[in-house]
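Asks: Output the structure for:
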Amino acid sequence: MGRAAGHLATPVPPIGMVLVVSDHEESPADRDHLSRLTPGAEPPAAVLFDFHGTLMQVEDSVTWVREAAAACGAALDRIRATALADRLVTAGRAGGPLPQRVPPHLAEVWADRDLSAYAHRAAFTGLASTVECGVDGLADALYDRLLVPEGWLPYTDTAATLRALRAARVPVAVLSNIGFDIRPITRAHGLDDLIDGYVLSYEIGRCKPDRAIFEHACATLGVPPEKALMVGDTTADAAAVRAGCRAYLVPAAEAGAANGLGAVLSLAGLA
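Replies: The predicted structure is shown next:
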């Protein structure tokens, strides 16, 4: 769920172009895919979307802390909540930047966090527990906030993009490295009826950038990888090119803002 360091904002490419933003030099295999999938190619027959950072974003960290504290019966003023939020995000927040350090006693669950609901919760409550907060039960309340629709905001162009794809009968799947069920969240935000399938790492035992998870997602929608477009925000999403998909990465954006997702409609030949 974390955003890769060094992610770059990028212009909208022509229809059919593979757009890969990476912090690393392309491998020969990646260059082969890039040379094969060029402008003017047939629009994709299906679209795979990452979840966090692509379709939706977690609420701002201060609101996250204040709401979790309130669930524990504690009222935090904005100054105290802001200071605490900064420390918790540094320690490691689900949906936030990767922690600078993972304590040894959490190393195993951290490594498995996107492959197990137990490990995901244990990893992030464990990281939160390393921060002295003075609020009993806060680590669990912070994690619980992640599981409810109120803890998430769609980007402003998410619903319109998904509705346009549905109207054009272009099937859509959500493909996410994640350790919990996001279906209740998309349902509450009115997006679930616009999504044809979910491929969640903890349910299938595979994580991006493993090419097998992209192949699984394409099979879920009944299309070969070369006819699918992967839309995400990290280099792990761009790894879809290794499975034969095209890839488009959206730029970073704050919760509740626009993140350029509407460009997908051009890539799908719908605008």
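Asks: domains for the protein, by residue range?
Replies: Per automatic domain parsing, the structural domains of the chain span 28-55+155-267, 58-151.
Asks: Any chance of those domains in TSV with mean pLDDT as columns?
Replies: Conversion of those to TSV gives the following (pLDDT from 0 to 100):
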stretch	mean pLDDT
domain 28-55+155-267	90
domain 58-151	96
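Asks: now the strands for the chain?
Replies: Remark: strands assigned in the chain by DSSP state E are 46-49, 56-58, 152-154, 172-176, 197-200, 228-232, 246-249.
Asks: Mind listing the residues bridging to the residue lying closest to residue 95 once chain neighbours are set aside?
Replies: Closest residue to residue 95 apart from its sequence neighbours, by C-beta to C-beta, 6 or more residues apart in numbering: residue 58 at 3.6 Å. C-beta: built from backbone N, CA, C; applies to glycine. Note on residue 58: beta-bridge partners residue 152, judged by DSSP bridges.
Asks: ok, which stretches of this protein are helices?
Replies: In the chain, the segments counted as helices under DSSP state H are 28-36, 61-71, 78-92, 107-111, 117-129, 138-146, 158-167, 183-188, 201-204, 211-221, 235-238, 263-267.
Asks: Make CSV from the strands of the chain and add distance to residue 125 to it.
Replies: Output for these, formatted as CSV (distance: least, C-beta to C-beta, whole Å):
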stretch, distance to residue 125
strand 46-49, 28
strand 56-58, 16
strand 152-154, 19
strand 172-176, 20
strand 197-200, 20
strand 228-232, 27
strand 246-249, 31
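Asks: Could you export these as CSV, including mean neighbour count and distance to residue 209?
Replies: Formatted as CSV, the strands of the chain follow (neighbours: other C-beta atoms under 10 Å; distance: least, C-beta to C-beta, whole Å):
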stretch, mean neighbour count, distance to residue 209
strand 46-49, 27, 13
strand 56-58, 23, 21
strand 152-154, 20, 24
strand 172-176, 25, 11
strand 197-200, 20, 14
strand 228-232, 27, 10
strand 246-249, 28, 11
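Asks: of the ones you listed, which approaches residue 103 most closely?
Replies: Distance to residue 103, taken as C-beta to C-beta, is lowest for strand 56-58 among those, at 22.6 Å.
Asks: residues making contact with that closest one?
Replies: Strand 56-58 is contacted from outside by 52, 64, 93-96, 146, 151-155, 158, 185-186, 189, 253-256, using C-beta atoms under 8 Å, 6 or more residues apart in numbering.
Asks: What of stretch 186-205?
Replies: So stretch 186-205 is in contact with 48, 55-56, 114-117, 120, 149, 152, 154, 158-159, 162-163, 165-166, 171-183, 207-208, 213, 216-217, 220-221, going by C-beta under 8 Å, 6+ apart.
Asks: returning to what we had before: okay, the helices of the chain, which one's buried deepest?
Replies: Highest mean neighbour count among these (mean count of other C-beta atoms under 10 Å): helix 235-238, with a mean of 24.
Asks: what helices or strands is it leaning on?
Replies: For helix 235-238, the elements it packs on are strand 228-232, strand 246-249, judged by 3 or more C-beta pairs under 8 Å, 6 or more residues apart in numbering; DSSP states H and E.
Asks: Could you dump those strands into TSV and include distance to residue 196?
Replies: Listed next are the helices and strands packed on helix 235-238 as TSV, based on distance: least, C-beta to C-beta, whole Å:
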stretch	distance to residue 196
strand 228-232	12
strand 246-249	18
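Asks: start to end distance for stretch 150-161?
Replies: With C-alpha to C-alpha, to the nearest Å as the measure, stretch 150-161 spans 21 Å from end to end.
Asks: Please name the bridge partners of the residue sitting nearest the centre point of the chain.
Replies: Closest residue to the average C-alpha location of the chain: residue 52 at 2.6 Å, with C-alpha atoms, centre = their mean. Beta-bridge partners for residue 52, by DSSP bridges, are residue 56.
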